[in-house]
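A.B. asks: Just the structure for this:
(2 chains)
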Amino acid sequence: MTHPNMLEIRDLHVYFRGYEGVSRVLDGISLNVGRGERVGLAGETGCGKTVTMKTVMGVLKIPPAMVPHGEVILDGQNVLEMSAKQLLQIKGTRISMIFQDPMNALNPVFMVGEQLYDVIRFAQGDSGTGRKRFGTEIHDRAIAALEEVRLPDPERILRSYPLELSGGMRQRVLIAMALVNGPSFLIADEPQTALDVTIGAQILDLLSELVRTKGISVLLITHNLGVIQETTERVYVMYAGQIAETTPTPVLFKNPKHPYSQGLLASVPRLTGGEIAEGIRGTVPDYTVAPSGCRFHPRCDYVMSICSQRKPPSFPVEPDHYVGCWLYGKEGGSK
Amino acid sequence: MKFTYFFTRRLFHSILVLVGLSILIFIIARILPGDPARLALGPFASKENVAHLRHEMGMDKPLHLQYVAYIKGIFHGDLGLSFQTRRSVSLDIAHYLPATIELVMASIVWVLVIGVPFGVLAGRYKDSWLDNLSRVVAFIGVAVPPFVVGLMGQLIFSYGLGILPTTGRLSLLMPPPPTRTGFLIVDSLIAGNFTALGDAFVHILLPSFAIAMTGIGQIARLTRGSVSDVLGKDYIEAARAFGIPDRYVTFKYMLKPSFIAPLTILGLTFASELGNAFLVETVFGWPGMAKYGIRAILRKDFNAIMGIVLIIGLAFVVVNFIVDVLAGYVDPRIRIREEE
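C.D. replies: Numbering: from 1, shown residues only, chains lettered A, B, ... in the order given. The predicted structure is shown next:
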């Protein structure tokens, strides 16, 4: 049975128990990634992007984390209910990820080849038909994987230690590792931020091209709106553990509806000049005493009495365009 | 190719350290107040006799010529005569040193067998009861002097429980195995004498543990920190995300990088254990360098002092060389960076 969506997150709550009390980091987020779709998840630092990613990858540490409510359906199966063994089976072969900092995502004391071989050797997906792979086959696949990410002289790369490679090369190696076992879903966590702008752009181009030709669904997590604009078809704007707005990517840049999205876009500096944007007043809230209702209300210019009382549902404003803001509820306020 | 370069470079460094050490101890031994010839002959010897001995020992020559003569001697295995035993210092050292080295090696084994696994588990299961236990053990190990640990051990295991011997390397009635290396455990193994092996083994347990306490604490804490550091790294999460099983990640991808820091400290641990061995040997009546060395210092037997310091320095340099090479072998960052 193929599920229509690659990934469906339904009303996910993730809390952390700490010394200061319970941090309610994710406050009921819902998110879909269709098959072959490239979706962005945008938000500022500390808004819960990484927690979302870790929950999907099944690497969230419970405790201290708790998931009091919600589902993460990956390809028809709830990740949160999977056993460790089931999780292991899908990692690498059905779901994989690209890390933010290629300098730290490769083990410094093993050669690239050894790490890549292990990734290939332990693939346990349905494509592997359960049979053990042997030396030359692993080697050939490793070489092919490195060629695919356009690394010159793959034989030499296999025998190199990570510190002998540049940041861009390391990120290419990591992309090769993430894709070598043919996953159908990929999470990319700011794959370009740790790199020089030009190298980062090359990596993004390569990644977009590979996922497009292979038909891989992608969830791209970033705070960089430019990256969202260039690489995704649809975008979720996240604020403090709530989804503020969902829309096809071009619409967000032309016609943002949520006050937070509007503030976010206004704060991007522009080459065409003009004043440096003022940004959004205030800061991301403390999750142990998160604002009630819509978590953005203390910073919002259009705040109404209902905003602090009830969390807004997602109101459709256009097909495929949903906004979690009371301004668009019922009769709909004018902006 | 890369490794050979790293290896020879480190070897060169070690030799340099030894040359520096020999110059230093030579000068210190010569500028210490007091006339060794007078000390050796006693207060009633005539001036002529003292002058004669000074000449015999070459002490009337300029300092740099004395040094050259000394170094020449070293290469022939000649460290000069000891005034107190009237024997060649190299013979004396060959007689006393193996007992001390065996003791320190045994304590290194304690450190590796207890300290490292303890640290790994404490780091892997941070803030568990095991971690807290390791913290307590480490504090005790660092705070309590080794000779006190030794005395407590004697009280509990020898006088109290009567299961371990109090002093010495072997029981009085145990005939020692023929001397090959001077290490009793090795010698009895070579001779196939397993009763002597067992006897030597129970004798070394307490003193080596007393020396090891500090090292166990330090290495356990260091390993713990290293492991918990590595566990927080992206590459561990990445290996898991790419579908490598947890156990495999722990044993391969976590352990190897975690061992680098403790490994580099192991050389220093060895040095401090050599120092501790002097006190512990006295407590346990261990026939090692301690007795010989302390008497040499008190009597200003400077050929013996120089010989002992040189040999201990040599042991220290050799151990650190081994540790450095091992660290370079484990960690490519160490050996590759040195080339640039």
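
A.B. asks: Nearest to chain B: which residue in the stretch 1-150 of chain A?
C.D. replies: A:Gly92 (2.9 Å; CB to the nearest CB). For glycine as for every other residue, the C-beta is placed from the backbone atoms N, C-alpha and C.

A.B. asks: wait, isn't that residue in contact with B:Ala238?
C.D. replies: No - taking contact to mean CB atoms under 8 Å, the distance of 10.6 Å between A:Gly92 and B:Ala238 leaves them out of contact.

A.B. asks: The residue of the stretch 1-150 of chain A closest to chain B: neighbour count?
C.D. replies: Using other CB atoms under 10 Å in any protein chain shown, the number of residues around A:Gly92 comes to 28.

A.B. asks: what do you get for A:Ala84?
C.D. replies: Neighbours of A:Ala84 under the rule other CB under 10 Å: 10.

A.B. asks: Now it: closest residue in space, sequence neighbours ignored.
C.D. replies: Leaving aside its sequence neighbours, A:Ala84 sits nearest to B:Asp246 (CB to CB, 6 or more residues apart in numbering or on different chains; 7.3 Å).

A.B. asks: if I read this right, that neighbour contacts A:Lys91, doesn't it?
C.D. replies: No - contact criterion CB under 8 Å: B:Asp246 and A:Lys91 do not qualify, at 10.7 Å.

A.B. asks: For those two, list the residues in contact with both.
C.D. replies: Any residue near both B:Asp246 and A:Lys91 by CB atoms under 8 Å, 6 or more residues apart in numbering or on different chains counts here, and that gives B:Arg240.

A.B. asks: Settle it for me: which of the two has more neighbours?
C.D. replies: Per other CB under 10 Å, whichever of B:Asp246 and A:Lys91 has more neighbours is A:Lys91, with 26 against 14.

A.B. asks: Return the nearest residue of the stretch 101-250 of chain B with respect to chain A.
C.D. replies: Counting by CB to the nearest CB, the stretch 101-250 of chain B gets nearest chain A through B:Gly243, at 2.9 Å.

A.B. asks: need the contact list for the residue lying closest to that residue once chain neighbours are set aside.
C.D. replies: With sequence-adjacent residues excluded and distances taken as CB to CB, 6+ apart, B:Gly243 is closest to A:Gly92, at 2.9 Å. Applying CB under 8 Å, 6+ apart to A:Gly92 gives the contacts A:Val119, A:Phe122, A:Ala123, A:Gly125, A:Ala178, A:Asn181, A:Pro183, B:Ala241, B:Phe242, B:Gly243, B:Ile244.

A.B. asks: Please repeat the previous calculation with a cut-off of 10 Å.
C.D. replies: With contacts taken as CB atoms under 10 Å, 6 or more residues apart in numbering or on different chains, A:Gly92 has the following neighbours: A:119-120, A:122-125, A:177-183, B:239-244.

A.B. asks: tell me the centre residue of chain A?
C.D. replies: The centroid of chain A falls nearest to A:Ile221 when counting by CA atoms, centre = their mean (3.3 Å).

A.B. asks: need the residues of the stretch 101-250 of chain A near chain B, please.
C.D. replies: A:101-111, A:114-116, A:118-125, A:160-164, A:174, A:177-178, A:180-181, A:183, A:187, A:189 (CB under 10 Å from any CB of the partner chain).

A.B. asks: Quick one: mark the members of these that sit in strands.
C.D. replies: Secondary structure defined by DSSP state E assigns A:Ile187, A:Asp189 of those to strands.

A.B. asks: Pull out the buried residues from the residues of the stretch 101-250 of chain A next to chain B.
C.D. replies: Buried residues within those, defined by neighbour count using 16 or more other CB atoms under 10 Å in any protein chain shown: A:101-111, A:115-116, A:118-125, A:160-162, A:164, A:174, A:177-178, A:180-181, A:183, A:187, A:189.

A.B. asks: hang on, B:Ala196 in a helix?
C.D. replies: Yes - under the criterion used here (DSSP: H, G, I helix; E, B strand; the rest coil), B:Ala196 sits inside a helix.

A.B. asks: quick one: contacts for it?
C.D. replies: Contact criterion CB under 10 Å, 6+ apart gives B:Leu170, B:Ser171, B:Met174, B:Pro175, B:Pro176, B:Pro177, B:Leu184, B:Ile185, B:Asp187, B:Ser188, B:Leu189 as the residues in contact with B:Ala196.

A.B. asks: Also A:Gly293?
C.D. replies: Going by CB under 10 Å, 6+ apart, A:Gly293 touches A:Gln242, A:Val303, A:Met304, A:Ser305, A:Ile306, A:Cys307, A:Ser308, A:Gln309, A:Arg310, A:Lys311, A:Pro312, A:Trp326.

A.B. asks: thought B:Tyr125 was touching B:Asp131?
C.D. replies: Yes - with contact defined as CB atoms under 10 Å, B:Tyr125 and B:Asp131 form a contacting pair (6.3 Å).

A.B. asks: picking up where we left off before, biggest separation within the contacts of B:Ala196, which pair?
C.D. replies: Put simply, by CB to CB the two of these set farthest apart are B:Ser171 and B:Leu189, 17.8 Å from each other.

A.B. asks: higher neighbour count, these two?
C.D. replies: In terms of neighbours (other CB under 10 Å), B:Leu189 is the more surrounded of B:Ser171 and B:Leu189; the figures are 17 against 14.

A.B. asks: Chain neighbours aside, what residue packs nearest to the more buried one?
C.D. replies: Counting by CB to CB, 6+ apart, the nearest residue to B:Leu189 once its immediate chain neighbours are dropped is B:Leu197, at 6.1 Å.

A.B. asks: A:Ala142 reaches A:Tyr117, doesn't it?
C.D. replies: Yes - between A:Ala142 and A:Tyr117 a contact is recorded at 6.1 Å, counting by CB under 10 Å.

A.B. asks: Quickly list what's touching both of the two.
C.D. replies: Between them, A:Ala142 and A:Tyr117 share the contacting residues A:Leu158, judged by CB under 10 Å, 6+ apart.

A.B. asks: that older thread, quick check: neighbours shared by A:Gly92 and B:Ala238?
C.D. replies: Counting by CB under 10 Å, 6+ apart, the shared contacts of A:Gly92 and B:Ala238 are A:Val119, A:Met177, A:Ala178, B:Ile244.
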